[in-house]
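Student: return atomic coordinates for the entry below.
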Amino acid sequence: MGRQADTYKKLFDDVRAGRVKALYFLHGPEEFMKREFLRDLATAVLPAGDRTFNIDVLHGDEFEAHAFDDRVQAFPLFATRRLGVLRNFDALSTSEREYVTARASALPDGLVLVVESGIEKLETVAHKKMAEVAAKNGVVVACAPLVGLDDYLVDDVVRAVMNVAQTGQKGDGRVFVIPVEEAYTVRTRAENMDLGFRRIAYLGYAGQPGITRY
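Tutor: Numbers count the residues shown, from 1 in each chain. Predicted coordinates for the structure are as follows:
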């Protein structure tokens, strides 16, 4: 199986089996997989009736330290756990990133925290430190797209995508395997003749685009 598909499969399998960690750092451009993972994580952490008051989603471009602290320290209401999500870690200032990383290194019992970044290659000190803390206290996942696969990998990746996305309900989506016949580099206008791969396209629930890259 492709390495990235294998990474996603293990992430989803662990959560669906109840092996939930206190901290997740999801970094990279594949937003669809992040959303799907959060959906499964919420199901694993909180029964449906407990989600109204026990899920908090904060955004880095609107970050306020006191609000973040309030959410981190809040007790679960009529439940045993809470789920917190901080999106767009990249929008934080350097001091705010350090603040979040420090809090993430000592989370209270009962809180599951997900920190999201759109950066696949972690180059800043703050991103590397966040990854280090998450690796120690939870899970770090590079959410890279599944693209340009050699033929021998296609079947394994299709199975992995279906394993990740299947709920048994209408709207799970469809997987398309599409041969790439022509490709061009826009920068140079050159035609790329030696392709040797096919493209996986996945249309998710309610028509939301998933793994589809040109």
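Student: all helices for this protein, in order.
Tutor: In the chain, the helices defined using DSSP state H lie at 3-16, 31-45, 65-73, 94-104, 125-137, 151-165.
Student: for the last one, packing partners?
Tutor: Read that as helix 151-165. Here helix 151-165 touches helix 3-16, helix 31-45, strand 174-179, strand 198-203, going by 3 or more C-beta pairs under 8 Å, 6 or more residues apart in numbering; DSSP states H and E. (Glycine included, C-beta is placed from N, CA and C.)
Student: quick one, what contacts the residue lying closest to Asp90 once chain neighbours are set aside?
Tutor: Closest residue in space to Asp90, ignoring its immediate chain neighbours: Ser117 at 5.4 Å, by C-beta to C-beta, 6 or more residues apart in numbering. Neighbouring residues of Ser117 by C-beta atoms under 8 Å, 6 or more residues apart in numbering: Phe25, Leu26, His27, Gly28, Asn88, Phe89, Asp90, His127, Met130.
Student: quick revisit: can you redo the helices and strands packed on helix 151-165 as a markdown table with mean pLDDT?
Tutor: Below are the helices and strands packed on helix 151-165 laid out as a markdown table (pLDDT from 0 to 100):
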| stretch | mean pLDDT |
| --- | --- |
| helix 3-16 | 85 |
| helix 31-45 | 88 |
| strand 174-179 | 73 |
| strand 198-203 | 50 |
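Student: need these in JSON lines with mean neighbour count, can you?
Tutor: Formatted as JSON lines, these follow (neighbours: other C-beta atoms under 10 Å):
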{"stretch": "helix 3-16", "mean neighbour count": "17"}
{"stretch": "helix 31-45", "mean neighbour count": "19"}
{"stretch": "strand 174-179", "mean neighbour count": "12"}
{"stretch": "strand 198-203", "mean neighbour count": "20"}
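Student: out of these, which gets nearest to Ala74?
Tutor: For Ala74, the closest of the helices and strands packed on helix 151-165 is helix 31-45, at 14.4 Å, according to C-beta to C-beta.
Student: circling back to that earlier point, nearest to Gln166, of the contacts of Ser117?
Tutor: Nearest member of the contacts of Ser117 to Gln166, counting by C-beta to C-beta, is Leu26, at 20.7 Å.
Student: give the contact list for that closest one.
Tutor: Lys34, Phe37, Val114, Val115, Glu116, Ser117, Val141, Cys143.
Student: dig out what the residue nearest to Thr7 when sequence neighbours are not counted forms beta bridges with.
Tutor: In this structure, Thr7 finds its nearest non-sequential neighbour in Val141, 6.4 Å apart by C-beta to C-beta, 6+ apart. As for beta bridges, Val141 partners with Leu26 under DSSP bridges.
Student: my guess is Val141 contacts Lys9. True?
Tutor: No. In this structure Val141 lies outside contact range of Lys9 using C-beta atoms under 8 Å: 11.5 Å.
Student: ok so, going back, could you check how far the residue nearest to Thr7 is from Lys21?
Tutor: 11 Å (C-beta to C-beta, to the nearest Å).
Student: out of those two, which sits in the more crowded spot?
Tutor: Val141 (22 against 15; other C-beta atoms under 10 Å).
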